[in-house]
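[1] Need coordinates for the below:
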Amino acid sequence: MGAQAAGPLVVGVDSSTQSTKTLVVDAETGEVLARGQAPHTVGGPGKESDPRQWWQALGEALARCGPAARQASAVSVAGQQHGLVTLDATGEPVRPALLWNDVRPARESARLIAEGGGPQAWAERIGSVPGPSFTVAKWAWLRAHEPEAAAATAAVRLPHDYLVQRLTGQAVTDRGDASGTGWWAASTGAYDPETLERVGLTPAMLPRVALPGEAAGSVHTDELPLPHGALVAAGTGDNMAAALGLGLRPGQPVLSLGTSGTVYAVTTRRPADPTGTVAGFADARGDWLPLACTLNCTLAVDRVAALLGRDREAVEPGGGAVLLPFLDGERTPNLPHASGLLHGLRHDTTPGQLLQAAYDGAVFTLLRALDHVSGPETAPGAPLLLIGGGARGAAWRETVRRLSGRPVVVPEAGELVALGAAAQAAGLLLGEDPAAVARRWGTARGAEYPARERDDAAWARLSATLTDGAALLGG
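    Below you'll find the predicted structure:
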C-alpha cells in the first residue's frame, strides 16, 4: 500500500466519547488509504470512562487499518476535551476518567468562579469562565467528593495526553487542549500559578505544553501496530483538530453537529467572554478558537424521535410548539440541572411538528452563540461550514438554513477530527503549517446550499420560551 502513496504515510487518531477512529493518510495528497474504528463504553453515576479502554481501542482501530499503519512515519492523537484523567505514581489510572459531559461539578464550578474573582477576572486571565465541564471543576469535585482518589493522584492528564504519554513515554500536551482545563492561562500562554495553588495542583503533576509544530516524541511502545521510532505530534483537542482538518482561516464559522453541538471560528484576537457563553480556547497553531458548546444535539433529537416513534428525518413544517431538548442538563445556556421543556402544544400539533421543534431547539442554542464566537474577521453573511454526523441529515441542514438565514456548505470529507490529527502529523513530518496541509488536501470542499429567508417567527418563539421558562428549566 505504501508504494501507491505519493508521499509518506501518517496516522490521525480521533479518541472521542463513544469510539476511537484511526486514519492512515498520504501526507502529500490527503488520500485516506486505510481506516479503523473501535468502541468505548461510558458509564458511572456521571459520565465516566476507563482510560485503559481508550488505549485498547486505539490498538484495535490501528489493527483494522491493516499493514498501512505499520508504514506510518508520524502519528497524531486528537481527543475529547476537558476529561479528567488521574494517574498514580506508577502511571496507572486511579479511577475512571470524568468526561467532558459530566455535569456533577456544577457546584465546584460556581465556587471556583467566585473564589477566582468572578467571571470577568477568569475571562481576562484564563480566557474562559470555567463551567462544570472544565477540567479544573472536575478536579475540584474529585477533591471534595473522593479525597482518597485525589490524594492518590500523582499526575493529571487530559484524554489525548494520556494516549500520547503511553505512545511516547513523555508527559506532553498542546496549547489547544490545555486551554480547556481552566488552569492554563490564555493571557500568559502558561499554567496559571494562582489557579493551581487554589485547587492543590503543582506544575510537576501536569504535562509539558509543547509549542505549535513541536513533536511530543516518538513511538516507544511495541503494544500497537505502529513503527517503533515514528514521530508523534503533540496532538490536540477534538475541536482544535477539526479546525485543522478543515484548514480553517480566520473568519470561517463552523457548526459541528454531533453528540454535542459546537460553533466556533479561528480568530487572531484573543477572546475573553465574561458571560461564559464562549470558551476562549487556543487553537493548535498559534491563533485562537472561540467556541460555544451545547450538550444536547444529535442524541437528544434522536431520543425525541424515538419517543415519537418516528424516523429522525420525518419532520413536518408548521405548528407553534417549542421544544428545548435539554435532556442532559445544558452548557450553553449554562443550565446544568435543566431538563427538556415543551411549550405551546395544541390539539392539532403533529408528531412531525414536535420533532421539527426538537431540531429547532437544538440549532437555536448554537446559533444564539454564533455572534459571540465570530471574530472581527467574520462577515455577517459568511457561509456556515456544517460538519459532524448531523451535517449528513437533511433535517439538520434545512433547520440551520431556516434559522440562520445564511448559506451552508457541507464538506464532503468526513472524520474531520482524525483528518486534522493526520494534518498535524503531516505538518510535523514535512515542516509545514498543518492547516495549509489540509487546504492542499481540499478537505473543506463540499455541497453548497444558498441562504434562505430566516424564520423570524420561530426564532422569537424560541427566545421567549427560553426567557419565560427560566424557572421551569431549573438552571
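[2] In the stretch 351-475 of the chain, where is pLDDT below threshold?
    The model of the stretch 351-475 of the chain has pLDDT under 70 over residues 475.
[3] Can you show me the helices along it?
    Assigned by DSSP state H, counting those that start in this stretch, the helices in the stretch 351-475 of the chain fall at 351-373, 394-404, 416-430, 434-441, 456-468, 470-473.
[4] could the ones you listed go into JSON lines alongside mean neighbour count and distance to residue 172?
    Backbone N, C-alpha and C define where each C-beta goes, glycine included. Output for the helices of the stretch 351-475 of the chain, formatted as JSON lines (neighbours: other Cβ atoms under 10 Å; distance: least, Cβ to Cβ, whole Å):
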{"stretch": "helix 351-373", "mean neighbour count": "23", "distance to residue 172": "28"}
{"stretch": "helix 394-404", "mean neighbour count": "21", "distance to residue 172": "36"}
{"stretch": "helix 416-430", "mean neighbour count": "30", "distance to residue 172": "13"}
{"stretch": "helix 434-441", "mean neighbour count": "22", "distance to residue 172": "17"}
{"stretch": "helix 456-468", "mean neighbour count": "15", "distance to residue 172": "41"}
{"stretch": "helix 470-473", "mean neighbour count": "13", "distance to residue 172": "41"}
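[5] got the ones you listed as JSON lines, with distance to residue 15 columns?
    Output for these, formatted as JSON lines (distance: least, Cβ to Cβ, whole Å):
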{"stretch": "helix 351-373", "distance to residue 15": "24"}
{"stretch": "helix 394-404", "distance to residue 15": "25"}
{"stretch": "helix 416-430", "distance to residue 15": "9"}
{"stretch": "helix 434-441", "distance to residue 15": "18"}
{"stretch": "helix 456-468", "distance to residue 15": "34"}
{"stretch": "helix 470-473", "distance to residue 15": "33"}
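[6] Looking at those, which is nearest to residue 71?
    helix 416-430 (13.0 Å; Cβ to Cβ).
[7] Run through the neighbouring helices and strands of the closest one.
    strand 9-15, strand 19-26, strand 72-79, strand 231-233, strand 236-237, helix 238-245, helix 434-441 (3 or more Cβ pairs under 8 Å, 6 or more residues apart in numbering; DSSP states H and E).
[8] How far away from the center of its chain is it?
    Here helix 416-430 is found 17 Å from its chain centre; the criterion is Cα atoms, centre = their mean, to the nearest Å.
[9] Ok, stretch 467-475 next?
    27 Å.
[10] would you put the C-alpha positions of that stretch in PDB?
    What follows is stretch 467-475, C-alpha atoms only, in PDB (Å, rounded to 0.1, in the frame of the first residue of the first chain):
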ATOM      1  CA  THR A 467     -36.500  33.600  28.800                       C
ATOM      2  CA  ASP A 468     -40.000  33.000  30.200                       C
ATOM      3  CA  GLY A 469     -39.300  29.300  31.100                       C
ATOM      4  CA  ALA A 470     -36.200  30.100  33.200                       C
ATOM      5  CA  ALA A 471     -37.900  28.900  36.400                       C
ATOM      6  CA  LEU A 472     -39.100  25.700  34.900                       C
ATOM      7  CA  LEU A 473     -35.700  24.900  33.300                       C
ATOM      8  CA  GLY A 474     -34.100  24.600  36.700                       C
ATOM      9  CA  GLY A 475     -30.700  26.100  36.000                       C
END
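[11] returning to that earlier point: would you tell me which one of the helices and strands packed on helix 416-430 is buried the most?
    Sort the helices and strands packed on helix 416-430 by mean neighbour count, taking mean count of other Cβ atoms under 10 Å, and strand 236-237 sits at the top with a mean of 35.
[12] Where does the prediction get shaky in the chain?
    Ranges of the chain meeting pLDDT under 70: 1-4, 475.
[13] Any idea how many residues pack against residue 350?
    Neighbour count for residue 350, taken as other Cβ atoms under 10 Å: 16.
[14] got a list of what the closest residue to residue 230 other than its chain neighbours touches?
    Excluding its sequence neighbours, the residue lying closest to residue 230 (Cβ to Cβ, 6 or more residues apart in numbering) is residue 219, at 4.6 Å. Neighbour list for residue 219: 75, 167, 168, 226, 227, 228, 229, 230, 232 [criterion: Cβ atoms under 8 Å, 6 or more residues apart in numbering].
[15] With residue 370 instead?
    Residue 370 neighbours (Cβ under 8 Å, 6+ apart): 253, 255, 263, 292, 404.
[16] I'd guessed the fourth one sits against residue 260; true?
    What it means is residue 292. No: using Cβ atoms under 8 Å, residue 292 is not in contact with residue 260, being 10.5 Å away.
[17] residue with max distance from the center of this protein?
    residue 347 (39.8 Å; Cα atoms, centre = their mean).
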